[in-house]
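S.K.: Need coordinates for the below:
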Amino acid sequence: MRLRGWRLPARIGLAAVLTALALPIAAVPVQAASNPLALTVHVGYQDVVKTGGWMPVTIDARNSGASVDGMLEVQESLNAQPGVSGFTIYEAPISLASGASKRVRLYLVENTTGARITARITQQGRVAVSQDSASGATTSALIGVLSDQSTALDDFAAIHPGGVAARVVHLRADDIPDSSIPLRSFDILVIDDFATDSLTAGQRAAIADFVTTGGDLLVGTGAAWRKTLAALPPAILPMQVTGTMVIDSTAVGGSAVEVATGTVTNGLPWLSDAGQPLILERAYGAGVVTMSTFDWNQQPVAVATASRTILRQVMSRAFFGQAGTAQNVPYAVMGPAPMGFGTQAS
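M.R.: The predicted structure is shown next:
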């Protein structure tokens, strides 16, 4: 996503989803000792919020007492001013059987620093439990990484081309929505060493739409190419991968680097070694797909100084590419109420 002068309207709710969870929810704070209801509220990805971007608000509810039927309300208060109530951005009935846990995820755009999100469950107009969002950090540049390796591509955070300091957040499968609109908050979305066939059809379509509407997608391959490319639409990829080979390449860290091989399809290699493409780029719709023929997590690439040089170039091309190429055009929707356009696994 190239740097643009767009400013999205603040306080817009989007795509609320209510889903019962079979697994226990960790780290639920203790409410009053006598209160069997507990809530946690998190805004952003790992409590990192990109100003002006669509951010998830995740609310986990747990009931350790008798069954409860009530209303779940989510409010936003500007600047967390004491005694100043916010306005409701989401409201829906909620039922919690004894011992049950449920999750609500909605999306909003927040341009105001210091805003607070509060979730509460009410019964017959009385507040049964209330919880404010956890404190977090803000950023103006966000890179999302979908990988089975917990530290994959963390080096992006240490690279500041043109003074851009990006935050790297590691995503789980259930962080990927069924719509491309929330994904537009990512300046770069990375998929590397991840089983894409674990994603739903809606999530895979959202990733393709993210690119079509101006997103920058970075895909790693190498030894894990089957796993990573399993369910990505071939039409968006710059290369049709059919196998791998091992090469010695100082460009990506030295000896014995396993790289993907195949047929280049509408892709432009901008880093090669002895004719073997190492990084390819393909414009697709208004966006760009960049493919590395190696796995960023494999040795020696993962520890090579050269890999930071390559990441700097990837980041520079994503943020400062040619005008009209892979621009990320914000999607503006007016109105305070959440807008639903699909379901999301959570």
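
S.K.: what's the spacing between the most centrally placed residue in the chain and residue 157?
M.R.: In the chain, the centroid-proximal residue (CA atoms, centre = their mean) is residue 144; its distance is 4.9 Å. Using CB to CB, to the nearest Å, residue 144 is found at 12 Å from residue 157. Every residue, glycine included, has its C-beta placed from N, CA and C.

S.K.: any common contacting residues for those two?
M.R.: residue 168 (CB atoms under 8 Å, 6 or more residues apart in numbering).

S.K.: gap between the two ends of stretch 261-275?
M.R.: Terminal residues of stretch 261-275 are spaced 11 Å apart (CA to CA, to the nearest Å).

S.K.: If you count neighbours, what's buried in it?
M.R.: When burial is assessed from 16 or more other CB atoms under 10 Å, stretch 261-275 yields the following buried residues: 261, 262, 267, 269, 271, 273.

S.K.: which SSE is residue 203 in?
M.R.: helix 201-212 (DSSP states H and E).

S.K.: starting at the chain centroid, how far to that helix?
M.R.: Computed by CA atoms, centre = their mean, to the nearest Å, the chain-centroid distance of helix 201-212 equals 13 Å.

S.K.: Would you mark the buried spots in stretch 235-243?
M.R.: 236, 237, 238, 239, 241.

S.K.: Mean confidence (pLDDT) on the helix ranked longest in the chain, please.
M.R.: Counting residues, the longest helix in the chain under DSSP state H turns out to be helix 305-320. For helix 305-320, the mean pLDDT works out to 91.

S.K.: tell me what that helix is packed against?
M.R.: strand 188-191, strand 268-273, strand 276-284, strand 287-292 (3 or more CB pairs under 8 Å, 6 or more residues apart in numbering; DSSP states H and E).

S.K.: a markdown table please, covering those strands and showing mean pLDDT and distance to residue 124.
M.R.: Output for the helices and strands packed on helix 305-320, formatted as a markdown table (pLDDT from 0 to 100; distance: least, CB to CB, whole Å):
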| stretch | mean pLDDT | distance to residue 124 |
| --- | --- | --- |
| strand 188-191 | 98 | 44 |
| strand 268-273 | 92 | 63 |
| strand 276-284 | 95 | 53 |
| strand 287-292 | 97 | 49 |
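
S.K.: Cheers, nothing more for now.
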